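[1] here's a sequence, model it:
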Amino acid sequence: MTSLEELYTLYLQHPTVSTDTRQLPEGCMFFALRGTTFDGNKFALQALEAGAAYAVVDDPSIATQSDRLLLVPDVLQALQQLAHHHRKTLGLPVIAITGTNGKTTTKELTAAVLSEGYRLLYTEGNLNNHIGVPLTLLRLRSEHQLALIEMGASKPGDIAELCAIAEPDYGLITNIGEAHLEGFGSLEGVKKTKGELYDSVRSRGGILFVHADDPTLMEMSQGAEKIITYAEHVSALVEGEVCPQGEELFLHFRWIAPALPIPLQEVRTHLVGDYNLPNALAAIAIGLFFRLPVVQINEALSSYVPSNSRSQLILSPRGNRIIADAYNANPSSMQTAIHNFLRIPPMGSPRTLILGDMNELGQESDHAHLKLWDELQQYGTHQPLRVILCGPKWEAIRRGEGEVFPSVGELKGYLQEHPLTETLILIKGSNSIHLSELLPLL
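    Residues are numbered from 1 along each chain as shown. Below you'll find the model as predicted:
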């Protein structure tokens, strides 16, 4: 067996790690992970032939086939232990962000702010699970000054597991809502699991950044050595408000930090949706704590342009204004996105909602979809609103009533024959429904 110390010595000589034989930088270390439908051990020799310096395996029958195959009891566990050891060895400050909605946007905004003054390593994309977090930590180098780690969860204990690997010094929970109920069982299960981040930071005497408008988060954060707050409706270190909306779609807000004191500031962003205000205020609070100048904080927030269908505005050749928010969907995020959409001045354009299934809701799935459908019916009585639904859950609930398509493929076919033009469109649904494939047709 290869010990952790031996593995770390080799990692320092070959500090690039891969778990995918399709992405093997020359001289990297390949970790042969197992999954429900694959066994990375079977590709270990192929990884060596493709340029990997070493491959870490947990199948003894394969380990004997090359002296560059490193046998460990469990490859995933070895990856996580290596990442933890590396994080502890470097000893750099780690900030962790989790939450039901907005964690990726908050992470991106915070990364934009902190990058103004620090050599920052932060989670790329949504590599926020039991594999992505250790892979991110193994990208840490001595020249970095801070690490910003996004943490996702789909079942109890997930955040505690990630905190044991990353040992964050600072923690932020964006909010707690109904998502992944299939794994958590209830909203209380979500609360307990997200709260594992507070527990971890609190146990090490770390600092929490807390959305003070949320009484649940304020209650959960009690007992921390230091709490830094941001809010829209109550007193906090950073206080903000949305500026009156004209014909613009983007979030435009004012903020102030009266205790520092910092005079009233004004920021125009490229984010669609007033619901992004707490995400921006969180980034400001973290930026101020790390002593970044106000001018640089504002510039970072103003310059950040979202991508990957997260509060993203797209102006199409067909004259459509598309709000693409199709990376994630649960009852709370869906409701928030729709409410914001209905507040946007239509500027003479018809409105169309394209909504996909909300997945991983377990026994609450039917109820959540029916409740949303009832709310959509009420919205339609106040203003013209076209609703297009996509996904097997919507099809089962609506039983063919209204504009319902069982798959994105069938909806694509419909849009090719009946194109939308000069329309204000919101696309929102779980990523697994693949609504982003509709964008070229809109």
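
[2] show me which strand runs longest in this protein.
    strand 262-272 (DSSP state E).

[3] per-residue confidence at T9?
    Looking at T9, its pLDDT is 98.

[4] what of Q245?
    Q245 is given a pLDDT of 69.

[5] and for S309?
    pLDDT, S309: 67.

[6] thinking again about what came up before, which strands and helices lie in contact with the longest strand of the chain?
    Contacts defined by 3 or more Cβ pairs under 8 Å, 6 or more residues apart in numbering; DSSP states H and E place strand 262-272 against strand 250-257, helix 277-289, helix 294-303, strand 312-315. Where you see a C-beta, it was placed from the backbone N, CA and C, and this is true even at glycine.

[7] buried deepest among those, which one?
    helix 277-289 (a mean of 26; mean count of other Cβ atoms under 10 Å).

[8] how far off strand 250-257 does it point, in degrees?
    40 degrees (axes from the mean of the first three to the mean of the last three Cα atoms, to 10 degrees).

[9] distance between helix 277-289 and the chain's centre?
    Centroid separation for helix 277-289 versus its chain: 16 Å, with Cα atoms, centre = their mean, to the nearest Å.

[10] could you pull out the strands in the stretch 301-442 of the chain for me?
    312-315, 321-325, 351-356, 386-390, 403-405, 424-428 (DSSP state E, counting those that start in this stretch).

[11] by contact count, what packs against the shortest one?
    Counting contacts by 3+ Cβ pairs under 8 Å, 6+ apart, strand 403-405 is packed against strand 386-390, helix 392-398.

[12] which one of these lies closest to H84?
    helix 392-398 (38.8 Å; Cβ to Cβ).

[13] before we move on, the earlier item: please save the CA atoms from the longest strand of the chain in CSV.
    Backbone C-alpha positions of strand 262-272 (Å, rounded to 0.1, in the frame of the first residue of the first chain) are rendered in CSV as follows:
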residue,chain,number,x,y,z
ILE,A,262,-18.6,54.3,4.3
PRO,A,263,-20.9,56.7,2.5
LEU,A,264,-23.7,55.7,0.2
GLN,A,265,-22.4,53.8,-2.9
GLU,A,266,-24.2,52.9,-6.1
VAL,A,267,-23.5,49.9,-8.3
ARG,A,268,-25.0,48.8,-11.7
THR,A,269,-24.5,45.1,-12.4
HIS,A,270,-24.9,42.7,-15.3
LEU,A,271,-27.1,40.4,-13.2
VAL,A,272,-30.8,40.0,-14.0
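
[14] quick check: bridge partners of V56?
    Beta-bridge pairing for V56 (DSSP bridges): F31, L70.

[15] in contact with it, which residues are there?
    T2, L7, M29, F30, F31, A32, L70, V72, V75, A78, L79 (Cβ atoms under 8 Å, 6 or more residues apart in numbering).

[16] tabulate the helices and strands packed on strand 262-272 (JSON lines), appending distance to L148 and mean pLDDT.
    As requested, the helices and strands packed on strand 262-272 are arranged in JSON lines below (distance: least, Cβ to Cβ, whole Å; pLDDT from 0 to 100):
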{"stretch": "strand 250-257", "distance to L148": "21", "mean pLDDT": "95"}
{"stretch": "helix 277-289", "distance to L148": "9", "mean pLDDT": "98"}
{"stretch": "helix 294-303", "distance to L148": "13", "mean pLDDT": "98"}
{"stretch": "strand 312-315", "distance to L148": "21", "mean pLDDT": "88"}
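
[17] which of the helices and strands packed on strand 403-405 sits most buried?
    Among these, ranked by average contacts under mean count of other Cβ under 10 Å, first place goes to strand 386-390 (a mean of 22).

[18] for that strand, packing partners?
    Strand 386-390 packs on strand 351-356, strand 403-405, helix 408-417, going by 3+ Cβ pairs under 8 Å, 6+ apart.

[19] closest to S302 out of those?
    strand 351-356 (27.8 Å).

[20] what's that closest one packed up against?
    Against strand 351-356 (3+ Cβ pairs under 8 Å, 6+ apart) you get helix 331-343, strand 386-390, strand 424-428.

[21] run the chain-centre distance for the last one.
    Relative to its chain's centre, strand 424-428 lies at 20 Å (Cα atoms, centre = their mean).

[22] ok, now the first one?
    Shown here is helix 331-343, whose average C-alpha point lies 18 Å from the average C-alpha point of the whole chain (Cα atoms, centre = their mean).

[23] list the buried ones in that helix?
    Judged by neighbour count (16 or more other Cβ atoms under 10 Å), helix 331-343 contains these buried residues: P331, S332, S333, M334, T336, A337, I338, N340, F341.

[24] could you give the average pLDDT over that helix?
    Helix 331-343 comes out at a mean pLDDT of 87.

[25] got the contact list for that helix?
    Counting by Cβ under 8 Å, 6+ apart, 100-101, 175, 177-179, 245, 272-275, 323, 325, 351, 353, 355, 358, 361, 368, 371-372, 375-376, 379, 383, 385, 424, 426, 428 sit against helix 331-343.

[26] may I have that helix as PDB, with CA atoms only?
    The C-alpha coordinates for helix 331-343 follow below in PDB (Å, rounded to 0.1, in the frame of the first residue of the first chain):
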ATOM      1  CA  PRO A 331     -39.800  25.800  -5.500                       C
ATOM      2  CA  SER A 332     -38.100  28.800  -3.800                       C
ATOM      3  CA  SER A 333     -35.800  29.700  -6.700                       C
ATOM      4  CA  MET A 334     -38.500  29.200  -9.300                       C
ATOM      5  CA  GLN A 335     -41.000  31.400  -7.400                       C
ATOM      6  CA  THR A 336     -38.400  34.100  -6.900                       C
ATOM      7  CA  ALA A 337     -37.300  34.100 -10.600                       C
ATOM      8  CA  ILE A 338     -40.900  34.300 -11.800                       C
ATOM      9  CA  HIS A 339     -41.800  37.100  -9.400                       C
ATOM     10  CA  ASN A 340     -38.800  39.100 -10.600                       C
ATOM     11  CA  PHE A 341     -39.700  38.300 -14.200                       C
ATOM     12  CA  LEU A 342     -43.200  39.700 -13.800                       C
ATOM     13  CA  ARG A 343     -41.800  43.000 -12.400                       C
END
